[in-house]
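>>> Need a 3D model of the following:
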Amino acid sequence: MKHLLFLLLGLSLSAQAQLILPERQRAEVVDQILKERFEELLPELMDRTGIDMWVLISREYNEDPVLINMLPATWLNARRRTIILFYRNAQENTLDKLAVARYNFGENIQSAWDKDRQPNQWLRLMELIEERNPKSIGLNFSDHFNIADGLDHTDFKMFMNYLPKKFQNRVVSAQPLATAWIESRTEREMAIYSHLVNITHDIIAEAFSENVITPGITTTTDVEWWMRDKVTRLGLETWFHPSVDIQRSHEVVGDHLYAFSNRPQENVILPGDLVHCDFGITYLRLNTDCQELVYVLKPFETKAPEFLTQALAKGNRLQDLLTENFRLGDSGNNILRNTLDQAKAEGLRPSVYTHPLGSYGHSSGPTIGMWDAQDGVPENGDYPLYLNTVYAIELNTTVYIEAWQRDIRIMLEEAGFFGKDGFRYVSGRQTNLLTIPRTQNHLGE
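Here you go, the predicted model:
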(Lines give C-alpha, C1' and ligand atoms only; values in the text may rest on other atoms or scores of the structure.)
Protein backbone atom coordinates (compact mmCIF):
# COMPACT_ATOMS: atom_id res chain seq x y z
CA MET A 1 0.00 0.00 0.00
CA LYS A 2 2.80 2.42 0.91
CA HIS A 3 4.41 2.17 -2.52
CA LEU A 4 1.09 3.19 -4.10
CA LEU A 5 0.91 6.31 -1.94
CA PHE A 6 4.51 7.25 -2.70
CA LEU A 7 3.77 6.75 -6.39
CA LEU A 8 0.69 8.95 -6.10
CA LEU A 9 2.65 11.78 -4.47
CA GLY A 10 5.48 11.63 -7.00
CA LEU A 11 3.54 11.67 -10.25
CA SER A 12 3.28 14.59 -12.63
CA LEU A 13 0.15 16.71 -12.31
CA SER A 14 -1.60 15.29 -15.36
CA ALA A 15 -0.85 11.70 -14.32
CA GLN A 16 -1.88 12.32 -10.71
CA ALA A 17 -5.41 13.16 -11.76
CA GLN A 18 -5.73 9.70 -13.30
CA LEU A 19 -4.55 7.80 -10.21
CA ILE A 20 -7.64 7.57 -8.02
CA LEU A 21 -7.41 4.74 -5.56
CA PRO A 22 -9.94 1.89 -5.50
CA GLU A 23 -12.16 1.68 -2.44
CA ARG A 24 -10.10 -0.88 -0.52
CA GLN A 25 -6.91 1.18 -0.80
CA ARG A 26 -8.78 4.38 0.02
CA ALA A 27 -9.93 2.71 3.23
CA GLU A 28 -6.34 1.78 4.10
CA VAL A 29 -5.20 5.37 3.62
CA VAL A 30 -8.12 6.79 5.64
CA ASP A 31 -7.42 4.44 8.56
CA GLN A 32 -3.69 5.16 8.46
CA ILE A 33 -4.34 8.90 8.57
CA LEU A 34 -6.83 8.46 11.43
CA LYS A 35 -4.20 6.54 13.41
CA GLU A 36 -1.67 9.36 12.88
CA ARG A 37 -4.22 11.98 13.88
CA PHE A 38 -5.25 10.15 17.06
CA GLU A 39 -1.68 9.43 18.14
CA GLU A 40 0.15 12.58 17.05
CA LEU A 41 -2.38 15.38 16.64
CA LEU A 42 -5.07 14.81 19.25
CA PRO A 43 -2.78 14.96 22.35
CA GLU A 44 -1.41 18.29 21.14
CA LEU A 45 -4.90 19.71 20.58
CA MET A 46 -6.17 18.53 23.97
CA ASP A 47 -3.18 20.18 25.67
CA ARG A 48 -3.71 23.38 23.69
CA THR A 49 -7.39 23.65 24.57
CA GLY A 50 -7.05 22.51 28.19
CA ILE A 51 -9.64 19.74 27.85
CA ASP A 52 -8.32 16.53 29.41
CA MET A 53 -11.43 14.40 28.75
CA TRP A 54 -13.51 14.47 25.58
CA VAL A 55 -16.71 12.44 25.34
CA LEU A 56 -18.49 12.02 22.00
CA ILE A 57 -21.93 10.39 21.82
CA SER A 58 -23.97 9.57 18.71
CA ARG A 59 -26.70 7.26 17.56
CA GLU A 60 -26.97 5.51 14.23
CA TYR A 61 -28.02 7.84 11.38
CA ASN A 62 -27.89 10.85 13.69
CA GLU A 63 -24.12 11.24 13.82
CA ASP A 64 -22.21 14.05 15.45
CA PRO A 65 -20.34 15.75 12.55
CA VAL A 66 -17.07 15.42 14.49
CA LEU A 67 -17.55 11.77 15.38
CA ILE A 68 -18.45 10.82 11.83
CA ASN A 69 -14.98 11.99 10.78
CA MET A 70 -13.48 9.58 13.32
CA LEU A 71 -15.33 6.50 12.05
CA PRO A 72 -13.18 3.67 10.69
CA ALA A 73 -13.24 3.56 6.92
CA THR A 74 -15.49 0.51 6.86
CA TRP A 75 -18.04 2.12 9.18
CA LEU A 76 -20.41 4.20 7.10
CA ASN A 77 -22.45 5.15 10.16
CA ALA A 78 -22.35 4.98 13.93
CA ARG A 79 -23.72 1.76 15.43
CA ARG A 80 -26.57 1.79 17.93
CA ARG A 81 -25.46 4.33 20.54
CA THR A 82 -21.78 5.00 19.91
CA ILE A 83 -19.79 6.52 22.78
CA ILE A 84 -16.09 7.42 22.52
CA LEU A 85 -13.97 8.71 25.40
CA PHE A 86 -10.54 10.33 25.12
CA TYR A 87 -8.54 11.02 28.28
CA ARG A 88 -5.27 12.95 28.14
CA ASN A 89 -2.72 12.75 30.96
CA ALA A 90 -0.21 15.40 29.95
CA GLN A 91 2.15 14.69 32.88
CA GLU A 92 2.53 11.05 31.89
CA ASN A 93 2.15 11.86 28.18
CA THR A 94 -0.58 9.28 27.68
CA LEU A 95 -3.87 9.30 25.80
CA ASP A 96 -6.63 6.81 26.54
CA LYS A 97 -8.80 6.10 23.50
CA LEU A 98 -11.81 4.08 24.60
CA ALA A 99 -15.10 3.01 23.07
CA VAL A 100 -18.00 2.38 25.41
CA ALA A 101 -19.18 -0.30 23.03
CA ARG A 102 -19.20 -4.07 22.85
CA TYR A 103 -16.67 -4.05 20.01
CA ASN A 104 -13.55 -2.15 19.08
CA PHE A 105 -14.02 1.12 17.23
CA GLY A 106 -11.83 -0.03 14.33
CA GLU A 107 -8.15 -0.58 15.11
CA ASN A 108 -7.59 2.80 16.76
CA ILE A 109 -10.04 2.79 19.70
CA GLN A 110 -10.44 -0.21 21.98
CA SER A 111 -13.69 -1.44 23.50
CA ALA A 112 -14.01 -0.69 27.22
CA TRP A 113 -17.41 -2.21 27.90
CA ASP A 114 -18.16 -5.79 28.90
CA LYS A 115 -21.94 -5.94 28.94
CA ASP A 116 -21.92 -9.16 30.97
CA ARG A 117 -20.14 -7.37 33.83
CA GLN A 118 -21.98 -4.04 33.50
CA PRO A 119 -25.24 -4.27 31.53
CA ASN A 120 -25.83 -0.49 31.50
CA GLN A 121 -23.79 1.41 28.90
CA TRP A 122 -24.23 4.76 30.69
CA LEU A 123 -23.08 3.34 34.01
CA ARG A 124 -19.98 1.92 32.34
CA LEU A 125 -19.22 5.36 30.94
CA MET A 126 -19.52 6.82 34.43
CA GLU A 127 -17.14 4.17 35.79
CA LEU A 128 -14.53 5.20 33.23
CA ILE A 129 -14.96 8.85 34.20
CA GLU A 130 -14.69 8.06 37.93
CA GLU A 131 -11.51 6.05 37.37
CA ARG A 132 -9.80 8.96 35.59
CA ASN A 133 -11.18 11.87 37.61
CA PRO A 134 -10.78 14.47 34.84
CA LYS A 135 -10.42 18.20 35.49
CA SER A 136 -12.79 18.93 32.61
CA ILE A 137 -15.24 16.92 30.55
CA GLY A 138 -15.73 18.29 27.05
CA LEU A 139 -19.02 17.66 25.27
CA ASN A 140 -19.88 18.74 21.75
CA PHE A 141 -22.32 21.60 22.27
CA SER A 142 -21.95 25.15 21.00
CA ASP A 143 -24.20 28.15 20.44
CA HIS A 144 -22.34 29.41 17.38
CA PHE A 145 -20.13 26.69 15.84
CA ASN A 146 -22.44 24.26 14.07
CA ILE A 147 -19.95 21.44 13.53
CA ALA A 148 -19.08 21.51 17.26
CA ASP A 149 -22.76 21.23 18.26
CA GLY A 150 -23.33 17.57 17.46
CA LEU A 151 -24.49 16.23 20.82
CA ASP A 152 -28.26 15.84 20.61
CA HIS A 153 -30.65 16.84 23.38
CA THR A 154 -31.56 13.29 24.38
CA ASP A 155 -27.98 12.12 24.82
CA PHE A 156 -27.01 15.29 26.68
CA LYS A 157 -29.93 14.82 29.05
CA MET A 158 -29.09 11.15 29.61
CA PHE A 159 -25.41 11.94 30.19
CA MET A 160 -26.15 14.62 32.77
CA ASN A 161 -28.72 12.43 34.53
CA TYR A 162 -26.14 9.68 35.02
CA LEU A 163 -23.12 11.92 35.72
CA PRO A 164 -22.27 12.09 39.45
CA LYS A 165 -22.85 15.52 40.98
CA LYS A 166 -19.18 16.07 41.78
CA PHE A 167 -18.41 16.08 38.03
CA GLN A 168 -21.29 18.21 36.81
CA ASN A 169 -19.50 21.52 37.22
CA ARG A 170 -16.58 20.13 35.20
CA VAL A 171 -18.66 19.76 32.04
CA VAL A 172 -17.57 22.30 29.40
CA SER A 173 -18.21 22.94 25.76
CA ALA A 174 -15.66 21.02 23.69
CA GLN A 175 -16.05 23.57 20.89
CA PRO A 176 -12.37 24.70 20.90
CA LEU A 177 -11.22 21.08 20.70
CA ALA A 178 -13.86 19.97 18.20
CA THR A 179 -13.05 22.92 15.95
CA ALA A 180 -9.32 22.29 16.24
CA TRP A 181 -9.75 18.60 15.37
CA ILE A 182 -11.79 19.36 12.26
CA GLU A 183 -9.63 22.26 11.02
CA SER A 184 -6.11 20.88 11.64
CA ARG A 185 -4.26 19.07 8.86
CA THR A 186 -1.24 16.78 9.12
CA GLU A 187 1.76 16.82 6.80
CA ARG A 188 0.57 13.67 5.10
CA GLU A 189 -2.92 15.05 4.59
CA MET A 190 -1.45 18.13 2.93
CA ALA A 191 0.57 15.98 0.53
CA ILE A 192 -2.65 14.23 -0.44
CA TYR A 193 -4.55 17.53 -0.58
CA SER A 194 -2.40 18.68 -3.50
CA HIS A 195 -3.58 15.63 -5.41
CA LEU A 196 -7.24 16.51 -4.73
CA VAL A 197 -6.78 20.08 -5.94
CA ASN A 198 -5.01 18.87 -9.08
CA ILE A 199 -7.94 16.59 -9.86
CA THR A 200 -10.31 19.53 -9.34
CA HIS A 201 -8.27 21.75 -11.66
CA ASP A 202 -8.14 19.03 -14.31
CA ILE A 203 -11.90 18.51 -14.28
CA ILE A 204 -12.53 22.26 -14.60
CA ALA A 205 -9.95 22.54 -17.40
CA GLU A 206 -11.67 19.77 -19.32
CA ALA A 207 -15.16 21.18 -18.66
CA PHE A 208 -13.99 24.60 -19.83
CA SER A 209 -12.63 23.34 -23.14
CA GLU A 210 -13.77 22.64 -26.67
CA ASN A 211 -14.02 18.98 -25.66
CA VAL A 212 -17.15 19.84 -23.68
CA ILE A 213 -18.32 23.27 -24.86
CA THR A 214 -19.46 23.96 -28.41
CA PRO A 215 -20.31 27.68 -28.56
CA GLY A 216 -23.86 28.26 -29.74
CA ILE A 217 -25.00 24.81 -28.66
CA THR A 218 -23.75 23.92 -25.17
CA THR A 219 -25.61 25.44 -22.21
CA THR A 220 -24.39 26.26 -18.72
CA THR A 221 -26.62 23.49 -17.39
CA ASP A 222 -25.02 21.02 -19.81
CA VAL A 223 -21.61 21.86 -18.33
CA GLU A 224 -22.85 21.52 -14.74
CA TRP A 225 -24.17 18.03 -15.38
CA TRP A 226 -21.08 17.07 -17.37
CA MET A 227 -19.03 17.92 -14.27
CA ARG A 228 -21.32 15.82 -12.07
CA ASP A 229 -21.07 12.89 -14.49
CA LYS A 230 -17.28 13.25 -14.69
CA VAL A 231 -17.01 13.06 -10.91
CA THR A 232 -19.19 9.94 -10.87
CA ARG A 233 -17.18 8.27 -13.65
CA LEU A 234 -13.99 8.86 -11.66
CA GLY A 235 -15.55 7.19 -8.63
CA LEU A 236 -15.55 10.43 -6.64
CA GLU A 237 -18.22 12.60 -5.04
CA THR A 238 -19.02 16.28 -4.99
CA TRP A 239 -20.26 17.99 -1.85
CA PHE A 240 -22.42 20.51 -3.74
CA HIS A 241 -23.94 20.74 -7.19
CA PRO A 242 -21.61 22.66 -9.55
CA SER A 243 -22.74 26.03 -10.83
CA VAL A 244 -21.84 27.63 -14.16
CA ASP A 245 -22.87 31.17 -15.13
CA ILE A 246 -22.12 33.73 -17.81
CA GLN A 247 -21.20 37.42 -17.95
CA ARG A 248 -21.40 39.09 -21.35
CA SER A 249 -21.32 42.53 -22.88
CA HIS A 250 -25.06 43.15 -23.13
CA GLU A 251 -26.24 41.93 -19.72
CA VAL A 252 -26.02 43.65 -16.35
CA VAL A 253 -24.10 41.78 -13.65
CA GLY A 254 -26.38 40.07 -11.12
CA ASP A 255 -26.05 40.28 -7.35
CA HIS A 256 -24.45 37.57 -5.19
CA LEU A 257 -27.66 35.52 -5.22
CA TYR A 258 -27.40 35.31 -9.00
CA ALA A 259 -24.86 32.47 -8.92
CA PHE A 260 -26.91 30.48 -6.38
CA SER A 261 -30.55 30.72 -7.38
CA ASN A 262 -31.36 33.42 -9.92
CA ARG A 263 -29.10 32.64 -12.87
CA PRO A 264 -30.84 31.59 -16.10
CA GLN A 265 -31.07 27.85 -16.72
CA GLU A 266 -30.03 26.36 -20.05
CA ASN A 267 -28.14 29.56 -20.88
CA VAL A 268 -26.42 28.95 -24.24
CA ILE A 269 -22.69 29.72 -24.19
CA LEU A 270 -21.64 32.07 -27.02
CA PRO A 271 -18.39 33.55 -28.38
CA GLY A 272 -17.40 36.59 -26.32
CA ASP A 273 -18.80 35.15 -23.05
CA LEU A 274 -16.92 35.19 -19.77
CA VAL A 275 -17.97 31.91 -18.12
CA HIS A 276 -17.56 31.18 -14.41
CA CYS A 277 -17.84 27.95 -12.43
CA ASP A 278 -18.00 26.96 -8.77
CA PHE A 279 -16.96 23.32 -8.24
CA GLY A 280 -15.54 21.00 -5.60
CA ILE A 281 -14.93 17.32 -4.94
CA THR A 282 -14.76 14.98 -1.94
CA TYR A 283 -12.05 12.33 -1.74
CA LEU A 284 -10.25 10.61 1.15
CA ARG A 285 -12.41 12.60 3.60
CA LEU A 286 -11.14 15.93 2.30
CA ASN A 287 -12.93 18.54 0.19
CA THR A 288 -11.98 21.07 -2.46
CA ASP A 289 -13.76 24.26 -3.51
CA CYS A 290 -12.69 26.12 -6.65
CA GLN A 291 -13.97 28.92 -8.87
CA GLU A 292 -12.38 29.67 -12.25
CA LEU A 293 -13.12 31.69 -15.38
CA VAL A 294 -12.97 30.94 -19.09
CA TYR A 295 -13.34 33.30 -22.05
CA VAL A 296 -14.90 32.03 -25.28
CA LEU A 297 -12.91 33.46 -28.17
CA LYS A 298 -14.70 35.27 -30.94
CA PRO A 299 -13.83 34.52 -34.58
CA PHE A 300 -10.30 35.76 -35.38
CA GLU A 301 -9.45 36.26 -31.67
CA THR A 302 -6.34 34.41 -30.47
CA LYS A 303 -6.43 35.51 -26.83
CA ALA A 304 -8.77 37.05 -24.29
CA PRO A 305 -9.27 40.84 -24.51
CA GLU A 306 -6.77 42.86 -22.51
CA PHE A 307 -9.54 44.41 -20.40
CA LEU A 308 -10.50 40.95 -19.12
CA THR A 309 -6.86 40.05 -18.48
CA GLN A 310 -6.49 43.23 -16.43
CA ALA A 311 -9.72 42.49 -14.58
CA LEU A 312 -8.42 39.05 -13.58
CA ALA A 313 -5.21 40.70 -12.36
CA LYS A 314 -7.32 42.81 -10.01
CA GLY A 315 -8.89 39.65 -8.65
CA ASN A 316 -5.42 38.19 -8.11
CA ARG A 317 -4.39 41.40 -6.34
CA LEU A 318 -7.31 41.08 -3.95
CA GLN A 319 -6.23 37.50 -3.26
CA ASP A 320 -2.74 38.76 -2.44
CA LEU A 321 -4.03 41.43 -0.07
CA LEU A 322 -6.14 38.85 1.75
CA THR A 323 -3.47 36.19 2.13
CA GLU A 324 -0.81 38.72 3.14
CA ASN A 325 -3.04 39.46 6.14
CA PHE A 326 -2.96 35.84 7.34
CA ARG A 327 -1.17 36.09 10.68
CA LEU A 328 -1.09 33.52 13.46
CA GLY A 329 -3.65 34.31 16.17
CA ASP A 330 -5.41 37.06 14.23
CA SER A 331 -9.18 36.78 13.99
CA GLY A 332 -11.17 36.25 10.84
CA ASN A 333 -12.89 39.60 11.37
CA ASN A 334 -9.59 41.45 11.72
CA ILE A 335 -8.18 39.80 8.59
CA LEU A 336 -11.35 40.80 6.73
CA ARG A 337 -11.27 44.39 7.95
CA ASN A 338 -7.62 44.92 7.07
CA THR A 339 -8.03 43.34 3.64
CA LEU A 340 -11.06 45.42 2.67
CA ASP A 341 -9.47 48.64 3.89
CA GLN A 342 -6.30 48.01 1.89
CA ALA A 343 -8.19 46.92 -1.21
CA LYS A 344 -10.41 49.98 -1.20
CA ALA A 345 -7.38 52.21 -0.70
CA GLU A 346 -5.98 50.74 -3.93
CA GLY A 347 -9.21 51.52 -5.77
CA LEU A 348 -10.61 47.99 -5.81
CA ARG A 349 -14.27 47.19 -5.20
CA PRO A 350 -13.86 44.07 -3.07
CA SER A 351 -16.03 41.47 -1.42
CA VAL A 352 -14.41 38.72 0.69
CA TYR A 353 -16.19 35.59 1.90
CA THR A 354 -13.41 33.13 2.66
CA HIS A 355 -14.13 30.02 4.72
CA PRO A 356 -12.26 27.10 6.29
CA LEU A 357 -11.94 24.03 4.08
CA GLY A 358 -11.03 20.45 4.86
CA SER A 359 -13.10 17.73 6.51
CA TYR A 360 -16.11 19.70 5.26
CA GLY A 361 -16.52 22.10 2.37
CA HIS A 362 -17.71 24.81 4.73
CA SER A 363 -15.53 23.61 7.56
CA SER A 364 -14.48 24.68 11.07
CA GLY A 365 -12.22 27.61 11.85
CA PRO A 366 -12.28 31.38 11.42
CA THR A 367 -14.90 32.78 9.05
CA ILE A 368 -13.37 35.61 7.02
CA GLY A 369 -16.43 37.49 5.84
CA MET A 370 -19.64 36.36 4.19
CA TRP A 371 -21.03 37.78 0.98
CA ASP A 372 -23.84 39.41 2.99
CA ALA A 373 -21.70 40.25 6.06
CA GLN A 374 -18.82 42.43 4.90
CA ASP A 375 -18.63 44.17 8.29
CA GLY A 376 -17.62 40.91 9.98
CA VAL A 377 -19.27 37.81 11.44
CA PRO A 378 -19.91 37.64 15.21
CA GLU A 379 -18.37 34.68 17.08
CA ASN A 380 -17.23 32.59 14.08
CA GLY A 381 -15.35 35.58 12.71
CA ASP A 382 -13.73 36.17 16.10
CA TYR A 383 -12.10 32.74 16.09
CA PRO A 384 -8.30 33.00 15.63
CA LEU A 385 -6.11 31.73 12.82
CA TYR A 386 -4.09 28.62 13.73
CA LEU A 387 -1.26 26.83 11.95
CA ASN A 388 -1.79 23.83 9.67
CA THR A 389 -5.22 24.91 8.47
CA VAL A 390 -6.77 25.13 5.00
CA TYR A 391 -9.06 27.79 3.53
CA ALA A 392 -11.12 28.36 0.42
CA ILE A 393 -9.79 31.77 -0.60
CA GLU A 394 -13.16 32.92 -1.91
CA LEU A 395 -13.78 36.50 -3.00
CA ASN A 396 -14.61 38.82 -5.86
CA THR A 397 -13.87 42.28 -7.07
CA THR A 398 -16.21 44.33 -9.25
CA VAL A 399 -14.59 45.88 -12.32
CA TYR A 400 -16.08 48.39 -14.76
CA ILE A 401 -15.47 47.33 -18.38
CA GLU A 402 -15.49 50.35 -20.64
CA ALA A 403 -15.81 48.24 -23.80
CA TRP A 404 -18.95 46.62 -22.42
CA GLN A 405 -20.25 49.77 -20.68
CA ARG A 406 -20.98 47.75 -17.56
CA ASP A 407 -19.59 46.17 -14.41
CA ILE A 408 -18.41 42.59 -14.25
CA ARG A 409 -17.50 40.58 -11.21
CA ILE A 410 -14.24 38.62 -11.07
CA MET A 411 -15.15 35.69 -8.82
CA LEU A 412 -12.28 33.45 -7.69
CA GLU A 413 -11.85 30.64 -5.19
CA GLU A 414 -8.85 28.47 -4.47
CA ALA A 415 -7.58 26.19 -1.68
CA GLY A 416 -4.83 27.73 0.44
CA PHE A 417 -2.76 26.43 3.37
CA PHE A 418 -1.52 28.38 6.39
CA GLY A 419 1.46 26.81 8.14
CA LYS A 420 4.71 27.63 9.93
CA ASP A 421 6.14 29.14 6.74
CA GLY A 422 3.10 31.35 6.18
CA PHE A 423 0.48 31.09 3.47
CA ARG A 424 0.70 29.14 0.22
CA TYR A 425 -1.79 27.89 -2.31
CA VAL A 426 -2.28 24.15 -2.05
CA SER A 427 -1.65 23.66 -5.76
CA GLY A 428 -1.54 26.98 -7.59
CA ARG A 429 -4.27 29.44 -8.56
CA GLN A 430 -5.71 30.90 -11.75
CA THR A 431 -3.53 33.74 -13.01
CA ASN A 432 -4.47 33.57 -16.69
CA LEU A 433 -7.88 33.25 -18.27
CA LEU A 434 -8.75 29.88 -19.72
CA THR A 435 -9.89 30.20 -23.31
CA ILE A 436 -12.02 28.18 -25.68
CA PRO A 437 -10.21 27.10 -27.83
CA ARG A 438 -7.26 26.70 -25.40
CA THR A 439 -4.20 28.86 -26.07
CA GLN A 440 -2.15 28.85 -22.82
CA ASN A 441 -1.78 27.41 -19.32
CA HIS A 442 -3.94 29.25 -16.78
CA LEU A 443 -2.41 28.24 -13.44
CA GLY A 444 0.38 30.01 -11.62
CA GLU A 445 2.19 30.16 -8.29
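>>> Check the secondary structure at the residue nearest to residue 434 when sequence neighbours are not counted for me.
Of all residues not flanking residue 434 in the chain, residue 294 sits nearest, at 3.9 Å (CB to CB, 6 or more residues apart in numbering). Where you see a C-beta, it was placed from the backbone N, CA and C, and this is true even at glycine. What DSSP: H, G, I helix; E, B strand; the rest coil gives for residue 294 is strand.
>>> Now do residue 294 against residue 430, distance only.
10 Å (CB to CB, to the nearest Å).
>>> More neighbours: which of the two?
When residue 294 and residue 430 are compared for neighbours, residue 294 comes out ahead with 27 against 23, by other CB atoms under 10 Å.
>>> isn't the more buried one right next to residue 437, touching?
No - the criterion here is CB atoms under 8 Å, and residue 294 misses it with residue 437 at 10.7 Å.
>>> pLDDT weak spots in the stretch 151-300 of the chain?
Residues of the stretch 151-300 of the chain meeting the criterion pLDDT under 70: 251-265.
>>> Strands of that one, residue ranges please.
For the stretch 151-300 of the chain, applying DSSP state E, counting those that start in this stretch gives strands covering 171-173, 243-247, 274-279, 282-283, 286-287, 290-296.
>>> As JSON lines, these with distance to residue 54 would be great.
Output for the strands of the stretch 151-300 of the chain, formatted as JSON lines (distance: least, CB to CB, whole Å):
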{"stretch": "strand 171-173", "distance to residue 54": "10"}
{"stretch": "strand 243-247", "distance to residue 54": "38"}
{"stretch": "strand 274-279", "distance to residue 54": "35"}
{"stretch": "strand 282-283", "distance to residue 54": "26"}
{"stretch": "strand 286-287", "distance to residue 54": "22"}
{"stretch": "strand 290-296", "distance to residue 54": "33"}
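>>> Which among the ones you listed is found nearest to residue 396?
With CB to CB as the criterion, residue 396 lies closest to strand 290-296 of the strands of the stretch 151-300 of the chain, at 8.8 Å.
>>> May I see the buried residues of the helix or strand following the closest one?
Note on strand 290-296: by DSSP states H and E, the next helix or strand toward the C-terminus is helix 306-324. By neighbour count, with 16 or more other CB atoms under 10 Å as the criterion, the buried positions of helix 306-324 are 308, 311-312, 314-316, 318-319, 321-323.
>>> Just to check, residue 406 is in contact with residue 249?
Yes - Residue 406 lies in contact with residue 249 (CB under 8 Å); the separation is 7.4 Å.
>>> quick check: longest helix of the chain.
helix 187-207 (DSSP state H).
>>> helices or strands up against that helix?
Applying 3 or more CB pairs under 8 Å, 6 or more residues apart in numbering; DSSP states H and E, we find helix 187-207 packed against helix 2-10, helix 13-16, helix 23-36, helix 220-233, strand 274-279, strand 286-287, strand 290-296, strand 406-419.
>>> now stretch 391-404, how far from the chain's geometric center?
From the chain centre to the centre of stretch 391-404 is a distance of 23 Å (CA atoms, centre = their mean, to the nearest Å).
>>> Contact partners for residue 298?
Counting by CB atoms under 8 Å, 6 or more residues apart in numbering, residue 298 touches 271-272.
>>> how much space is there between it and residue 162?
Relative to residue 162, residue 298 is positioned 72 Å away (CB to CB).
>>> One more: residue 375?
Taking CB to CB, one finds residue 375 at 45 Å from residue 162.
>>> Compare those two and say which one has the larger neighbour count.
The residue with more neighbours, out of residue 375 and residue 162, is residue 162; 14 against 10, by other CB under 10 Å.
>>> That one against residue 125, yeah?
Yes - judged on CB under 8 Å, residue 162 makes contact with residue 125 at a distance of 7.3 Å.
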